[in-house]
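Asker: turn this into a model:
(chains A, B, C and D)
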Protein chains: 2
Amino acid sequence: MSKGKEKRLFQNFLLENRFKRSVQRKELLDIFLNTNKHLTAEELYRIAKKKNPSIGFATVYRTLKLLCASGLCRELKLDDGITRYEHLYGHGHHDHLICTKCGSFVEVFDPEIEKLQEKLSKVHGFIPQKHRMELYGICSKCQKEEGRR
Amino acid sequence: MSKGKEKRLFQNFLLENRFKRSVQRKELLDIFLNTNKHLTAEELYRIAKKKNPSIGFATVYRTLKLLCASGLCRELKLDDGITRYEHLYGHGHHDHLICTKCGSFVEVFDPEIEKLQEKLSKVHGFIPQKHRMELYGICSKCQKEEGRR
DNA sequence: CTCTATGCAAAACCTTTGCATAGAA
DNA sequence: TTCTATGCAAAGGTTTTGCATAGAG
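Answerer: Numbers count the residues shown, from 1 in each chain, chains lettered A, B, ... in the order given. Down below sits the predicted model:
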């Protein structure tokens, strides 16, 4: 559990914006903080439903928006078209390495690439704001399983 | 016009796969080849509708799938969730620089970044397959307009 | 009390599919 | 003739919205 800082951050976010606390928001935050970093809305909904069968899909989406607004969470849209929500707080910017076999994620960061990305933007006259980079490949676990067949 | 090579490629693709030619496919291919490189399905539909008001959305989507299968076209899913279709034939791999004000695209390619991306994958035990990189920023045109206000 | 949050169902999107008919080979 | 392609409408999948009611402050 723990995750005290994140919980406090969300509390403050709610207070500062005249939002109210609720059981659902608390439960969803707990699940979000204690689950893998790349949940879909549907996964979050299913987990929440086990604890609290009356929860609605709309609440999940609305709460995810709040989590993003508070800075705890970021939307991640991958090529499969399904939106995932990843932890943001305490993480710096990072990119993703994604296994095309098993779907596992690795967060990566390469300062050299970052520098070159910025340079590339400027060369084309852009003021860089943000970027996304996803590297797709086969992870070592899946490579071994491949070999076994 | 011209674009003879692309048209022939698509012809051959249809023949080789026992698909048939049709007026709609011809019209859609023409529009696709002669329009900006990052059409949405809706944009293509609207343009096609002007020439041929009876055309259906389903035909547009089905034809776009064929264009992708033939190698002329690639699906591009950006953060806004709308799928765009870009020209692929005769282009090598490239990434995108996207203006967050006006939405304009620039295609970019940086061999140094490519090399580092490959290295980064391998360091994490991945066999690299493909990647996507989008750099978001403000293009020079929008910077000037910003200044004018 | 007042105003926000919730759950439900309906709507909004974008994309795909089923089906009868038109059209290519 | 035999298949495939088309257009329409309906259905899918994901996310958002309207509304009456429940609940927080």
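Asker: kindly state the pLDDT recorded for the residue lying closest to A:Cys99 once chain neighbours are set aside?
Answerer: Spatially, and ignoring its direct neighbours in sequence, A:Cys99 is nearest to A:Cys139 (3.9 Å; CB to CB, 6 or more residues apart in numbering or on different chains). (C-beta placed from N, C-alpha, C; glycine too.) Among the per-residue scores, A:Cys139 shows a pLDDT of 96.
Asker: which parts of chain A are helices?
Answerer: For chain A, helices defined by DSSP state H occupy the ranges A:4-16, A:23-33, A:41-51, A:57-70, A:111-123, A:140-148.
Asker: quick check: the gap between the residue nearest to A:Cys102 when sequence neighbours are not counted and DNA strand C.
Answerer: With sequence-adjacent residues excluded and distances taken as CB to CB, 6+ apart, A:Cys102 is closest to A:Cys142, at 5.4 Å. For A:Cys142, the distance to DNA strand C equals 26 Å [CB to the nearest atom of the strand, to the nearest Å].
Asker: if we can go back for a sec, mind putting the helices of chain A into a markdown table with mean neighbour count?
Answerer: Formatted as a markdown table, those follow (neighbours: other CB atoms under 10 Å in any protein chain shown):
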| stretch | mean neighbour count |
| --- | --- |
| helix A:4-16 | 14 |
| helix A:23-33 | 18 |
| helix A:41-51 | 16 |
| helix A:57-70 | 17 |
| helix A:111-123 | 16 |
| helix A:140-148 | 11 |
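Asker: okay if I get those helices as JSON lines plus distance to DNA strand D?
Answerer: JSON lines is the format used below for the helices of chain A (distance: least, CB to the nearest atom of the strand, whole Å):
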{"stretch": "helix A:4-16", "distance to DNA strand D": "7"}
{"stretch": "helix A:23-33", "distance to DNA strand D": "6"}
{"stretch": "helix A:41-51", "distance to DNA strand D": "4"}
{"stretch": "helix A:57-70", "distance to DNA strand D": "3"}
{"stretch": "helix A:111-123", "distance to DNA strand D": "26"}
{"stretch": "helix A:140-148", "distance to DNA strand D": "23"}
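Asker: pick out the shakiest of the ones you listed, pLDDT-wise.
Answerer: Ranked by mean pLDDT, the helices of chain A end with helix A:140-148 at the bottom, a mean of 86.
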